[in-house]
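A.B. asks: Model the structure of this input:
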Amino acid sequence: MDKQKIIQFEQYDRKIVLEDGTEFYGRGFGSSCERVCELVFNTAMLGYQEIISDPAYTYQAVVMTYPIIGNYGTCDDDFESKVPTIGGLVVREYNDIPSNFRTTKTLNEVMEDYNIPGIEGMDTRELTRHIRDNGTCKVFFTSIDTPKEKALEILAATEIPTDAVKAVSCKKRWYSRTANAKYNVVAIDCGIKLSLIRILNSRGCNITIVPFDTSAEEVLKMKPDGIYISDGPGNPEDVPSVIELVRQLKGKCPIFGVGLGHEIIGLAYGAKTYKLKFGHRGCNHSVHSLINNTFRNHTQNHSYVIDAESVEGTELKITHVNLFDKTVEGVSCEKDNVYSVQYVPCEISLFYERFINLMKGDK
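C.D. replies: Predicted coordinates for the structure are as follows:
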């Protein structure tokens, strides 16, 4: 080992240990806590604030493939949740001198505030390839002084919780209203993103956000013009109450699902889901619309997908397909006015207009 590498190694104070025993060394930022979570990677070049505050990353640590993270700080208006619940963050190089005039806090300060461990200084290309080749796995954030044997014992003894939706869903209903509202939307909070609430508000929707375990009877008492099943973390099969909710509400008013909500809709109609080897996470995932034969890149963050073969025989129709691996990206049931997409629709997406038009016809 040359002198430069020895000096660099001596500066390391933290490491991550994968469940197969692989270790990566680096320098800590954010919280110095120890934590076990699932390790995934995201290929986006920007948007780290939205990533750390996206509830869909609950119990997950994210490896950012873009090399410099933190350079534009964070802004209070750009958070996707009120309390970030991401498990941890791994980056090649952390920059603590933000250049954005909108910055209100550095990324390090936010991660300290919410007890999120971070590590920088390692080869994230090598780590990403490891995840790609071997699949997602458990990872342990710890001090560089922790013996590997002890770290592996902790990893083996720690299970990733399956209550992620319960952990991030609101505990009581709350409201997001707008001036001159025309529609009343009930949003089932499985880990809802604030940006999607703002988009619906901008289209004349008053939103009532309710806990994931709200009953169909309670939802109907609110007289919704439409129902939104939100994105969120974990395995869709871990939230049977929401699957049953969709079964009871389908056909009674328009239903729009995104991400986890899309997978839940698939299960509610009798389709099956399965876990991908390393998931889809980034903003450059190409999707083919079978509706109008168009191709567009979309932001994605999910581990599970609907099994295409299992859609046959259900009332659902596949509307969108991922160009990378041909997985299902969208489904619909015209009879029930139910439709969903696996990806995150951007602000100008026609899916919001479709939702509005369905509610307009339902009134």
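
A.B. asks: could you measure the nearest residue to Gly279 once chain neighbours are set aside against Leu245, distance?
C.D. replies: Nearest non-adjacent residue to Gly279, counting by CB to CB, 6 or more residues apart in numbering: Ser303, 4.3 Å away. For every residue, glycine as well, the C-beta is placed using N, CA and C. Distance of Ser303 to Leu245, computed by CB to CB, to the nearest Å: 22 Å.

A.B. asks: coming back round to it: which helix or strand contains the residue nearest to Gly279?
C.D. replies: strand 294-306 (DSSP states H and E).

A.B. asks: One more: Pro98?
C.D. replies: Judged by DSSP H and E, Pro98 forms part of no helix or strand.

A.B. asks: Begin at 2 from now on, thanks
C.D. replies: With 2 as the first residue, the last one maps to Pro99.

A.B. asks: list the contacts for it?
C.D. replies: Gly71, Asn72, Tyr73, Gly74, Thr75, Thr107, Leu108 (CB atoms under 8 Å, 6 or more residues apart in numbering).

A.B. asks: and with 6 Å instead?
C.D. replies: Tyr73, Gly74, Thr107 (CB atoms under 6 Å, 6 or more residues apart in numbering).

A.B. asks: what about the closest residue to it other than its chain neighbours, distance to Asn116?
C.D. replies: Closest residue in space to Pro99, ignoring its immediate chain neighbours: Gly74 at 2.9 Å, by CB to CB, 6+ apart. Distance of Gly74 to Asn116, given as CB to CB: 19 Å.

A.B. asks: what does Cys206 give?
C.D. replies: Counting by CB to CB, the gap from Cys206 to Asn116 is 34 Å.

A.B. asks: thinking again about what came up before, neighbours of the residue nearest to Pro99, just the number please.
C.D. replies: As a burial measure, Gly74 scores 22 neighbours (other CB atoms under 10 Å).

A.B. asks: State the pLDDT value of Phe352.
C.D. replies: Phe352 carries a pLDDT value of 82.

A.B. asks: my guess is Ser82 contacts Ile53, does it?
C.D. replies: No. Look at Ser82 against Ile53 with CB atoms under 6 Å: they stay out of range, at 9.5 Å.

A.B. asks: mind giving me the domain ranges of the chain?
C.D. replies: Split into domains by automatic domain parsing, the chain comes to 12-161, 166-363.

A.B. asks: distance between the ends of the first one?
C.D. replies: Right, the one you point to is domain 12-161. Distance across domain 12-161, first residue to last, is 31 Å (CA to CA, to the nearest Å).

A.B. asks: Off-centre distance for it?
C.D. replies: Centre-to-centre, domain 12-161 and its host chain are 15 Å apart (CA atoms, centre = their mean, to the nearest Å).

A.B. asks: Wait, Arg248 touches Ala269, no?
C.D. replies: Yes. Between Arg248 and Ala269 there is a contact under CB under 6 Å: 4.8 Å.

A.B. asks: can you give me the helices in the stretch 152-301 of the chain?
C.D. replies: Counting by DSSP state H, counting those that start in this stretch, the stretch 152-301 of the chain has helices at residues 165-169, 195-203, 217-222, 241-250, 261-269.
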